[in-house]
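> just the structure for this:
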Amino acid sequence: MTIGLKRRVFHYHLKKCGGTSINFWLDFYQSDDRRMGYEATRELKLAMNAVPRATDFERLMAPRFHQAFFGSSFIGSHMPLLKYAPPGTFAFTVLREPRRRIFSQVADWRRLADYESHRFFGHETKPMVADAVAGMALRDFLARYRKSFALDNYMTRALARVTLSEEEAVGAEAASLVDVALQNLRCFDLVGVTEDLTPFLRLLARDLGIAPLAAAPRLNVSASAENAAPEVEAAADLLDELTEADIRVYRGARALFEEQLAAGPEYSTEMFETEHASVVLADVLGRNRGDVVFSVRSPLVGAGFHGRDGPGLDNCNVWSGPQPRFTLYMPTPPDARLELKLWIRAFADESQRERLRVWTDGRETPHRFAPDASAPEENFREVLIVETRSTRDFIRLEIDVGETFTYGRPGGAAFDSRRRGVAFGFYGWRAIPEPAPDAPDEEAEPAYSAFS
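Here you go, the predicted structure:
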């Protein structure tokens, strides 16, 4: 099991630097039972909170940290686990302009009205979240919690933690940690900045050998400092104090990112297909039951999806979005006549069904819908069928629904802010006979379900 061409990948997820979006994207490259999801992360965090922050903290937690890398190919974590990663692990991290990062962190806490239910908050964090939810002014908040690890030059201290103990990184003056943090940036195979997230993700896709994204996904987005200029200006002196070291480290990270960006050609879909797709897709296995069927619970190679809904469950599905067009790759025999299939659970809006268009390997291709003959509990609405011919040992299926939509009324309990297209649970293909020589094409066979 790999993430593209890499056996193991570690993302040192610095808080409020765009990491949630990256984690959801890379999680698609491993099966949903291998991802270090919410439950595993929560249990590890609870275990950490139960251990006193003393000099023996890492000795007590080291076994758990080592174990994390032997159940998943990709781990994205706020914890400095790089020293526990097996040799050969590909590691990366992303930094953000420091003042924006601090405001985003406070804004994120302000929206956690149900924070009492978040048992993974430590005893130091919970009162901070309570004051943020209560609407404490930014200046008052920063003055009260200026010594907090999450606020006081957080990125510098977090990067120093790659090689220093927690006690050393938290107890020292931030200015004395700048050189260590800058040196530790060199421990990572790739370093990015949130302000240039799309080109960074192309670099990351290039190094991992996976399909590039058209644009950076945006998840867990909180209010920006630009939308609260008066509040930020009133706290300017405190923000300067709390970001003095971080600004120096951020500049170093940006210089490293620009150096990496200039080191090679821009990665493209054509490069992925020419250099990596056959190797990456060789590990993608379907079920052969009349159709060759791939589940979204298995590694999913492509772009233009939100995270899995219901990972680990039989009715797990994926919504396309936020862009109208999404891409799926699947292994196929070369030069074969195929029916490509997509098992659809729902459209975000009925108009998308009428506007839907399909391309296979860059060629616009006719499609049709057929009733699904699956067992009722599968709950598929219908099957999209596309007849085409493969030319390589994989095929690129692109689907465009014209427009994506949110769900529900903003502020309502059922509101989903994700711009969505089509929800699907399976995709795949069936080889079909070549037409007889000098004879018209046979009529399409009745809809067939791999689940019947």
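
> just the residues contacting stretch 190-205, thanks.
Here stretch 190-205 makes contact (CB atoms under 8 Å, 6 or more residues apart in numbering) with 4, 17-18, 21-22, 25, 90-97, 100-101, 185, 207, 211-213, 215-216, 250, 253-254, 256-257, 260-261, 266-267, 272. (Each C-beta comes from the backbone N, C-alpha and C, glycine too.)

> so residue 400 touches residue 357, yeah?
Yes - contact criterion CB atoms under 8 Å: residue 400 and residue 357 qualify, at 4.9 Å.

> which one of the two is surrounded by more residues?
Neighbour count, other CB atoms under 10 Å: between residue 400 and residue 357, residue 400 has more, with 19 against 15.

> hmm, back to that, filter the contacts of stretch 190-205 down to just the ones in strands.
90, 91, 92, 93, 94, 95 (DSSP state E).

> out of the residues you listed, flag the one nearest to residue 343.
residue 90 (33.2 Å; CB to CB).

> now do the closest one against residue 17, distance only.
Distance, residue 90 to residue 17, using CB to CB, to the nearest Å: 18 Å.

> so these two - more neighbours on which side?
residue 17 (25 against 21).

> thought that one was touching residue 94?
Yes - between residue 17 and residue 94 there is a contact under CB under 8 Å: 4.7 Å.

> ranges for the helices of the stretch 101-250 of the chain?
Secondary structure of the stretch 101-250 of the chain by DSSP state H, counting those that start in this stretch: the helices cover 125-133, 138-144, 154-160, 166-171, 178-185, 197-208, 229-234, 236-261.

> out of those helices, deepest packed?
helix 154-160 (a mean of 27; mean count of other CB atoms under 10 Å).

> which other residues reach that helix?
By CB under 8 Å, 6+ apart, helix 154-160 touches 12, 14-15, 17, 78, 80, 93, 95-96, 98, 101-102, 105, 149, 168-170, 172, 174, 177-178, 180-181, 184-185, 245-246, 248-250.

> now it, how far from the centre of its chain.
23 Å (CA atoms, centre = their mean, to the nearest Å).

> can you pull out the strands in the stretch 301-450 of the chain?
Counting by DSSP state E, counting those that start in this stretch, the stretch 301-450 of the chain has strands at residues 302-303, 318-319, 325-331, 337-347, 357-360, 363-364, 368-370, 382-389, 394-400, 405-407, 416-420, 422-431.

> could you pull up the mean pLDDT of the first one?
Read it as strand 302-303. Here strand 302-303 scores 93 as its mean pLDDT.

> tell me the strands beside that strand, with direction?
Strand 302-303 sits in its sheet next to strand 325-331 (antiparallel), going by DSSP bridges.

> what's next to the partner strand, contact-wise?
Contacts for strand 325-331 (CB under 8 Å, 6+ apart): 211, 214, 277, 281-282, 284, 286, 294, 300-305, 320, 340, 342, 393-401, 421, 427-429.

> taking strand 394-400 as reference, get the angle to it.
Angle between the axes of strand 325-331 and strand 394-400 is 160 degrees (criterion: axes from the mean of the first three to the mean of the last three CA atoms, to 10 degrees).

> could you list the domains of this protein?
The record's domain parsing of the chain by automatic domain parsing lists 9-261, 286-431.

> for the stretch 1-150 of the chain, what spans make up the strands?
9-12, 74-77, 90-95.

> which of those strands sits closest to residue 417?
strand 74-77 (21.6 Å).

> relative to residue 334, which of the helices of the stretch 101-250 of the chain is closest?
Checking the helices of the stretch 101-250 of the chain against residue 334 by CB to CB gives helix 197-208 as the closest, at 24.6 Å.

> find residues that contact each of residue 400 and residue 357.
Shared contacts of residue 400 and residue 357, defined by CB under 8 Å, 6+ apart, are absent.

> distance of residue 254 relative to residue 400?
35 Å.

> repeat that for residue 76.
On the measure of CB to CB, residue 76 and residue 400 end up 30 Å apart.

> do the same with residue 203
For residue 203, the distance to residue 400 - CB to CB - is 27 Å.

> can you check residue 312 too?
Counting by CB to CB, the gap from residue 312 to residue 400 is 30 Å.

> just residue 190 next, same as before
Between residue 190 and residue 400 the computed distance is 31 Å (CB to CB).

> for burial, what's the neighbour tally of residue 411?
So residue 411, with other CB under 10 Å, has 6 neighbours.

> partner strands of the helix or strand that contains residue 293, parallel or antiparallel?
Per DSSP states H and E: residue 293 is located in strand 291-295. Its sheet considered, strand 291-295 pairs with strand 287-289 (antiparallel), strand 422-431 (antiparallel) by DSSP bridges.

> could you check the angle the longest one makes with strand 382-389?
Just to be clear, that refers to strand 422-431. Using the same axes, to 10 degrees: strand 422-431 against strand 382-389 is 40 degrees.

> only alpha carbons, please: show strand 422-431 as CSV.
Only the C-alpha atoms of strand 422-431 are listed here, as CSV (Å, rounded to 0.1, in the frame of the first residue of the first chain):
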residue,chain,number,x,y,z
VAL,A,422,-22.8,14.1,-7.8
ALA,A,423,-22.6,11.5,-5.0
PHE,A,424,-21.3,8.1,-6.0
GLY,A,425,-20.3,4.9,-4.2
PHE,A,426,-18.8,2.8,-6.9
TYR,A,427,-17.3,3.1,-10.3
GLY,A,428,-15.9,0.6,-12.8
TRP,A,429,-16.2,-1.0,-16.2
ARG,A,430,-17.3,-4.0,-18.2
ALA,A,431,-15.6,-5.3,-21.3
